[in-house]
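Chemist: Build the 3D model from these lines:
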Amino acid sequence: MGGISERGKEVKRRRHRRKKLTKLSKRLKIAKVSERPGIAEKVRKLTPGADVVIANWQLTDSDR
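Modeler: Predicted coordinates:
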């Protein structure tokens, strides 16, 4: 029998994404203005729901 199931992979991806978003949100609280666009870009690359996260974190479109 072989390996991890597709569901297991999905759960692992979600947990990893949640941990990364937690770290990024903590960094955002102490970030300088010049660092905010970089954090926003990392969120966009990390998750398909980035628009919702960016809106909740109150990152503006000027942070692109």
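Chemist: and the helix or strand hosting Arg27, how far out from the chain's middle?
Modeler: According to DSSP states H and E, Arg27 maps onto helix 6-30. The chain centroid and the centroid of helix 6-30 are separated by 6 Å under Cα atoms, centre = their mean, to the nearest Å.
Chemist: Toward the C-terminus from it, list the very next helix or strand.
Modeler: helix 36-46.
Chemist: and that following helix, which residues are buried?
Modeler: Using 16 or more other Cβ atoms under 10 Å as the test for burial, helix 36-46 gives Arg36, Ile39, Ala40, Lys42, Val43. C-betas here are computed from N, CA, C, even on glycine.
Chemist: Which other helices and strands does it contact?
Modeler: helix 6-30, helix 50-56 (3 or more Cβ pairs under 8 Å, 6 or more residues apart in numbering; DSSP states H and E).
Chemist: which residues are contacting it?
Modeler: Identification of contacts with helix 36-46 by Cβ atoms under 8 Å, 6 or more residues apart in numbering yields 17, 20-21, 24, 27-28, 31, 50, 53-54, 57, 59, 63-64.
Chemist: can you do 6 Å?
Modeler: Around helix 36-46, the neighbours that count as contacts under Cβ atoms under 6 Å, 6 or more residues apart in numbering are Lys20, Leu24, Leu28, Ala50, Val53, Ile54, Leu59, Asp63.
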